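A.B. asks: Generate coordinates for the sequence data below:
(chains A and B)
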There are 2 protein chains.
Amino acid sequence: MLLVTEIASLKNIIKAKKQKGLTIGLVPTMGFLHEGHLSLMRAAAAENDFVVGSIFVNPLQFGIGEDYEEYPRDLENDTKLAKSAGCDLIFSPTVKEMYPSGYATFIQVERLTEGLCGASRPGHFVGVTTVVAKLFNLVRPNRAYFGQKDAQQAFVLIKMVEDLNMNLDIVVLPTVREPDGLALSSRNKYLTPGQRKEAAVIYKSLKEAESQIKKGERKTKAIRENITKSILLAKHAEVDYVEIVDCQDLSPISTINKGRCLIAVAAKFGKTRLIDNILVEV
Amino acid sequence: MLLVTEIASLKNIIKAKKQKGLTIGLVPTMGFLHEGHLSLMRAAAAENDFVVGSIFVNPLQFGIGEDYEEYPRDLENDTKLAKSAGCDLIFSPTVKEMYPSGYATFIQVERLTEGLCGASRPGHFVGVTTVVAKLFNLVRPNRAYFGQKDAQQAFVLIKMVEDLNMNLDIVVLPTVREPDGLALSSRNKYLTPGQRKEAAVIYKSLKEAESQIKKGERKTKAIRENITKSILLAKHAEVDYVEIVDCQDLSPISTINKGRCLIAVAAKFGKTRLIDNILVEV
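C.D. replies: From the prediction side, this is the model:
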């Protein structure tokens, strides 16, 4: 497996692969890889001739006071894991390589980024869409892989690709979970043992909501209140948002109608903000 | 020559050309083609295997109260001219094809878009960068051609390509002029015969500024005042801006130092806003 840190080298390698007519899969990550990332890499390896994983903690998608500095990093272990999952190349640039002095260009997806994490983290999705567009242009993948755990991110990136007529497919794969249901996240590392135990309540509350809906509940207010109540039973928990939104534009809905809706939660355990979601079809 | 209006057809054609390993040149235009556009198409034909000209009056780059509705259109004549200049395909989509209902994604280049036409036309360059990025993604050109007449546009697009790591070269070619010096523009059609005659003063004033600099003048205030004075001698003229800016970030300079600077003018003759510029090397 190749480890590449410079854009010029990456471009040369990609150009050669393209000229050979190989298909390319891209898995953009911020590193500190877990089974969620690795499941994306394995899928990419199964579906493409050449797999690029990117590892870049993107300062542009962190707000002031967020955890950019503390975000866990372990490139050595990441490269081992990525290799074992079928990656052919890891691209791990410096911040200066991605955003040289005088950098000035930003991509904004409107509306879909207004609610959920977009409301709690202003500027976050501009950072995401901008860095992902850069990676798409550098790697020119046939397919790029993202996890359902970051549901809003996936919706926003699909919208960007569609709106800007980008020449690739976005593949969204299921959230990988711990045995107790907690969604895998590099940020789980921040949790104390007590918080970690409590954090399972997020997925539990989502599953309760799902069964409430299956039993016929259609009013989102009642469902959201139940989720909030369940989560707040945990001693360290603080709720950032509990939302039930339409899958077209991610706008909040008051009544669940036929089709797919997204139930999304962000909650803090101590200083650690965790997100999770489920799609429910009625 | 092919005339294509649908994105799906364009994509299929481009895919086939790419698979054959052909190089592609793109000339994005708003149509009503003149010698300026045709010079770009001829250059594209000389340097690429396959040349795409786009003709799309992009509503996103027009402000409220600007001339989007009146902007001159003549697709039949344009296709003839484009063919004669070496175009292999004209892409002329509808507004709905480019911006379907729910469209939400925009590209912003900061700083370089703040002054000059960006100050007079808020939102204009977001419209330009967004539509051009879409065309780049659709046509996947090796080279894209733009005229020096829209100097700020060229600088902004070069910055976008660099910042977003887009995989193509921007080629900027000299402004084509009428015998009296007036820069060719589709908007010249709006001018009354009297205004048309007077409009030659713009380039004349720029050439005067150049010779002032060659004679040793380095203070931009004096140079700008002379340009304004010259233009205002024309009865129908109104000055929008006269600026002398650095070629790195397009910020105004007070003293001309060694290197290249851009002298840029926007002036109205009646309701018609014209722009022109020269690059001066000292």
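A.B. asks: partners of the nearest residue to A:Arg187 once chain neighbours are set aside in the sheet?
C.D. replies: Closest residue to A:Arg187 apart from its sequence neighbours, by Cβ to Cβ, 6 or more residues apart in numbering or on different chains: A:Thr272 at 5.7 Å. For the C-beta atoms, the positions are set from N, CA and C on the backbone; glycine is no exception. Beta-bridge pairing for A:Thr272 (DSSP bridges): A:Phe269.
A.B. asks: One more: A:Glu281?
C.D. replies: A:Arg260.
A.B. asks: what about it, neighbour count?
C.D. replies: Burial of A:Glu281 is recorded as 10 neighbouring residues (other Cβ atoms under 10 Å in any protein chain shown).
A.B. asks: Just confirm A:Val265 is within a helix.
C.D. replies: No - using DSSP: H, G, I helix; E, B strand; the rest coil, the assignment for A:Val265 is strand, not a helix.
A.B. asks: Next, work out how far apart it and chain B are.
C.D. replies: Noted for A:Val265: a distance of 24 Å to chain B, by Cβ to the nearest Cβ, to the nearest Å.
A.B. asks: Check A:Leu250 too.
C.D. replies: From A:Leu250 to chain B the distance is 11 Å (Cβ to the nearest Cβ).
A.B. asks: Provide a list of residues in contact with A:Phe50.
C.D. replies: Taking Cβ atoms under 8 Å, 6 or more residues apart in numbering or on different chains, we find A:Phe50 in contact with A:17, A:22-25, A:88-89.
A.B. asks: What residues are bridge-paired with it?
C.D. replies: In beta-bridge terms (that is, DSSP bridges), A:Phe50 pairs with A:Ile24.
A.B. asks: The one 4 residues further on too?
C.D. replies: Beta-bridge pairing for A:Ser54 (DSSP bridges): A:Pro28, A:Phe91.
A.B. asks: I'd assumed A:Ile90 was in contact with it.
C.D. replies: Yes - counting by Cβ atoms under 8 Å, A:Ser54 does reach A:Ile90; the two are 7.4 Å apart.
A.B. asks: Please identify which of those two sits among more neighbours.
C.D. replies: Taking other Cβ under 10 Å, A:Ser54 and A:Ile90 do not tie; A:Ser54 has more neighbours (27 against 24).
A.B. asks: excluding its backbone neighbours, what's nearest A:Leu250?
C.D. replies: A:Leu112 (4.9 Å).
A.B. asks: Could you look up the SS state of that neighbour?
C.D. replies: Three-state assignment for A:Leu112 (three-state DSSP): coil.
A.B. asks: give me every residue that touches it.
C.D. replies: A:118, A:152, A:155-156, A:159, A:249-250, B:104.
A.B. asks: Please, where are all the helices along the stretch 101-250 of chain A?
C.D. replies: A:116-120, A:124-139, A:151-163, A:193-198, A:201-214, A:220-232 (DSSP state H, counting those that start in this stretch).
A.B. asks: Please report how far the closest residue to chain B within the stretch 1-150 of chain A lies from B:Asn77.
C.D. replies: Among all residues of the stretch 1-150 of chain A, A:Thr105 sits closest to chain B, at 3.6 Å; criterion: Cβ to the nearest Cβ. The gap separating A:Thr105 from B:Asn77 is 36 Å, by Cβ to Cβ, to the nearest Å.
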